[in-house]
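Asks: 3D model of this:
(one chain, ligands or ions: 4)
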Amino acid sequence: MKLGKIAQAAGISLPGSAMPTPAASASGPQSGADIEITGFAIDHRKVAPGTVFGAFQGAVVNGEDYIAAAIASGASAIVARPEASVEGALHIASDIPRRTFAALAAQFFGPFPKTIVAVTGTNGKTSTVEMTRQLWRMAGERAASIGTLGVTTPDESVSTGLTTPDIVTFLSNMSGLAREGVTHVAYEASSHGLSQYRNEGISVSAAAFTNFTRDHLDYHGDMDDYFAAKMRLFDEVVADDAAAIIWTGAGEWTDRVIDHAKRRGLRLFTVGDHGTSLRLVSRTPTQLGQTLEIEYEGQKRMINLPLIGAYQAENALVSAGLVLATGGDAAMVFDGLARLQPVRGRLERAAITQTGAPVYVDYAHTPDAIEAAIAALRPHVSGRLITVFGAGGDRDHGKRAEMGRIAAEKSDIAIVTDDNPRSEDPAAIRAEVLRDAPGAREIGDRREAIFAAVSEAGRDDIVLIAGKGHEQGQIIGSGDTMRILQFDDVTVAREAASPGAKAQ
Ligand SMILES: CC(=O)N[C@H]1[C@@H](OP(=O)(O)OP(=O)(O)OC[C@H]2O[C@@H](n3ccc(=O)[nH]c3=O)[C@H](O)[C@@H]2O)O[C@H](CO)[C@@H](O)[C@@H]1O[C@H](C)C(=O)N[C@@H](C)C(=O)N[C@H](CCC(=O)O)C(=O)O
Ligand SMILES: Nc1ncnc2c1ncn2[C@@H]1O[C@H](COP(=O)(O)OP(=O)(O)OP(=O)(O)O)[C@@H](O)[C@H]1O
Ligand SMILES: N[C@H](CCC[C@H](N)C(=O)O)C(=O)O
Ligand SMILES: [Mg+2]
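Replies: Ligands and ions are numbered 1, 2, ... in the order given. Okay, the predicted model is just below:
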């Protein structure tokens, strides 16, 4: 495809073109319009002849340092800041190179599925995109989801390693899905992904907000900065006529999201106790799920959701909002809610101990999520709630003591263990988690901790294993010495619960 055609479709002017744009312009030895483009890359090691290379300043290295190497490998054009030095290829200069790159790449990779929706929020993104995919599938659509669980299509699920893949992977996945006949995609927009323009250039018909609490302050600095990253979804990423599906239970943050959506002129669709589009009138836990009374378009309905916990009801209703706001049929959506399958690693019942106590695996890795997971299980415990959890290394330190405090306060027994120590000393992470957790036990080895919890559990107790959910490994070390040791909470829980189980 010719660069001129790509740039024109993206609204970016190349030298000699009549169409100026304030954000980006191009200069270089030739106009560039006639250059035949073969691909897009953000890593110079993936550049082939005819590639457009995006040279971005990163958290670890400066991609501009690889411009010469990219040109040596055949890059035809470089998207970089105006001050970057580019010799021997067209310099597409931009003050926000990641955005300009995304806009160009999207023209190259399209067409994309017709209905694309995005979900942001501190917790609940994976659950919500997964439930949205399920609701569409039950309504007969060919649907997929992209997020922490990877790319899930009607036929398979493939891991990408990140919640929000890099822009090139994201756009090529999207076009691959379109080629497979997928028409509906729900994707997870993480704050890292949003601040790094990893998901741009496509037409997003609706965006949802689940909640906003502490996480990732290692990367974002403070809550306002973290929130601003998330708000790019509503301010810039979604289409002009998109819908904004907003959970109303997030206090002042809900009001702030509503302000952003209004300012952008989006169609507001509020969901929750105070939702005006989809109202949650009441919620009653049942043995295996919960009954939700909801009100939609003036009509009240009862839904038997086959999942436990307030948080799962919230995510399910936000998913319903996404499907309804993008043209889904109400009767099908509400019938679908009663048939939702559990999301992997989110309050997944992994085993029943020899004494009859259920063992749940959950992905809670923030203070708010630990609280939500415990609250979900509380109505189902007549004995003790035993929580096994830890905090990840090389991530927000400030959340650790808060996670410990909440787990110790809200559980009957809290066991602090390891969860992906990465480059840090695991004992030091545990010490931070234990700081405000009086009475909590410390068992560093995660397998031993799970075995201890399971052997402690009596008939009326429940065990919660939090933090790793669907993850398949324990990440130890970083850089060249990084290793991932196979570890799956569900498998270990089953081993611990089997007759004659031994930790070693
Ligand atoms: C902090 C962070 O988000 N880093 C991600 C980001 O890195 P960056 O842009 O800062 O990249 P960098 O490593 O400094 O390099 C800068 C540029 O030089 C390029 N480069 C680099 C080296 C080289 O030899 N050649 C080269 O061209 C890189 O491709 C990059 O474009 O872009 C990289 C490429 O897309 C990601 O792999 C990398 O994710 C790292 C591995 C990571 O751990 N990210 C986590 C924190 C993350 O993103 N998590 C979120 C949120 C999770 C959630 O709450 O759900 C997620 O969306 O997964
Ligand atoms: N709506 C919610 N409110 C509070 N806590 C929630 C909510 N949804 C999920 N959680 C908690 O957060 C955990 C992670 O859920 P999920 O994977 O859906 O979130 P996420 O936003 O995708 O997380 P990540 O940022 O790691 O990708 C759950 O296991 C649960 O403990
Ligand atoms: N996407 C989240 C997942 C954290 C999961 C937890 N197991 C950990 O390693 O901290 C992150 O990268 O912060
Ligand atoms: Mg996720």
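Asks: what's the span of stretch 184-201, first residue to last?
Replies: With Cα to Cα, to the nearest Å as the measure, the ends of stretch 184-201 fall 17 Å from one another.
Asks: and stretch 366-381, how far out from the chain's middle?
Replies: 20 Å (Cα atoms, centre = their mean, to the nearest Å).
Asks: residues in contact with it?
Replies: Under the contact criterion Cβ atoms under 8 Å, 6 or more residues apart in numbering, stretch 366-381 has outside partners 122-123, 211, 213-215, 285, 287, 308-312, 347, 358, 360, 362-364, 385, 387, 389, 399, 402-403, 405-407, 410-411, 460-462, 464, 466. From N, CA and C alone the C-beta is placed, and that goes for glycine too.
Asks: please redo it, this time with the cut-off set to 6 Å
Replies: Stretch 366-381 is touched from outside by 123, 213, 215, 285, 308-309, 311, 347, 362, 364, 399, 402-403, 406-407, 410, 462, 464, 466, with contacts defined as Cβ atoms under 6 Å, 6 or more residues apart in numbering.
Asks: ok, stretch 296-308 next?
Replies: Here stretch 296-308 makes contact (Cβ under 6 Å, 6+ apart) with 278, 289-294, 313, 316, 334, 337-338, 376.
Asks: say whether ligand 2 is contacted by stretch 348-362.
Replies: Yes: Stretch 348-362 comes into contact with ligand 2 when judged by Cβ under 6 Å from any ligand atom, the residues involved being Asp362.
Asks: which helix or strand in this protein has the lowest average pLDDT?
Replies: Among the helical and strand segments of the chain, the one scoring lowest on mean pLDDT, DSSP states H and E is strand 24-27, with a mean of 47.
Asks: show me where the stretch 201-350 of the chain has helices.
Replies: Listed in chain order, the helices of the stretch 201-350 of the chain (DSSP state H, counting those that start in this stretch) span residues 217-220, 223-232, 252-264, 310-325, 330-337.
Asks: hey, which of those is tucked in deepest?
Replies: helix 310-325 (a mean of 27; mean count of other Cβ atoms under 10 Å).
Asks: and that one with ligand 2, contact?
Replies: Yes: counting by Cβ under 6 Å from any ligand atom, ligand 2 is contacted by helix 310-325 at 311, 314-315.
Asks: before we move on, back to that, turn the helices of the stretch 201-350 of the chain into a markdown table, including distance to Glu156 and mean pLDDT.
Replies: Shown next, in a markdown table, are these (distance: least, Cβ to Cβ, whole Å; pLDDT from 0 to 100):
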| stretch | distance to Glu156 | mean pLDDT |
| --- | --- | --- |
| helix 217-220 | 31 | 70 |
| helix 223-232 | 30 | 88 |
| helix 252-264 | 34 | 96 |
| helix 310-325 | 21 | 97 |
| helix 330-337 | 22 | 97 |
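Asks: quick one, which of the ones you listed gets closest to Met174.
Replies: Of all the helices of the stretch 201-350 of the chain, the one in closest proximity to Met174, counting by Cβ to Cβ, is helix 310-325 (17.1 Å).
Asks: same for that closest one, what does it pack against?
Replies: helix 125-138, strand 206-209, strand 243-247, strand 267-272, strand 278-285, helix 330-337 (3 or more Cβ pairs under 6 Å, 6 or more residues apart in numbering; DSSP states H and E).
Asks: list of residues touching that helix?
Replies: Judged by Cβ under 6 Å, 6+ apart, the contacts made with helix 310-325 from elsewhere in the structure are 117, 124, 127-128, 131-132, 135, 206, 208, 210, 243, 245, 247, 269, 271, 278, 283, 292, 305, 333, 337, 372.
Asks: of these, select the buried ones using a ChimeraX command.
Replies: Filtering the contacts of helix 310-325 down to the buried ones (16 or more other Cβ atoms under 10 Å) takes a single ChimeraX command:
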select :117,124,127,128,131,132,135,206,208,210,243,245,247,269,271,278,283,292,305,333,337,372
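Asks: if we check ligand 1, which of the contacts of helix 310-325 are in contact?
Replies: Intersecting these with the surroundings of ligand 1, defined as Cβ under 6 Å from any ligand atom, gives nothing.
Asks: contact partners for Ala457?
Replies: Counting by Cβ under 6 Å, 6+ apart, the residues that Ala457 touches are 353, 357, 386, 463.
Asks: possible to save the residues you listed as TSV with secondary structure and pLDDT?
Replies: Listed next are the contacts of Ala457 as TSV, based on DSSP: H, G, I helix; E, B strand; the rest coil; pLDDT from 0 to 100:
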residue	secondary structure	pLDDT
Thr353	coil	97
Ala357	coil	96
Ile386	strand	98
Val463	strand	98
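Asks: average pLDDT across the strand or helix carrying Ile146?
Replies: Under the assignment given by DSSP states H and E, the secondary-structure element containing Ile146 is strand 143-147. When pLDDT is averaged along strand 143-147, the result is 95.
Asks: list the contacts of the next helix or strand after that strand.
Replies: Scanning forward in sequence from strand 143-147, with DSSP H and E defining helices and strands, the next element found is strand 150-152. With contact meaning Cβ under 6 Å, 6+ apart, strand 150-152 is reached by 145, 157-160, 173.
Asks: does ligand 3 sit close to strand 150-152?
Replies: No: counting by Cβ under 6 Å from any ligand atom, no contacts exist between strand 150-152 and ligand 3, the nearest distance being 12.9 Å.
Asks: returning to what we had before: ok, so of the contacts of strand 150-152, who is nearest ligand 1?
Replies: The closest of those to ligand 1 turns out to be Thr160 (Cβ to the nearest ligand atom; 8.8 Å).
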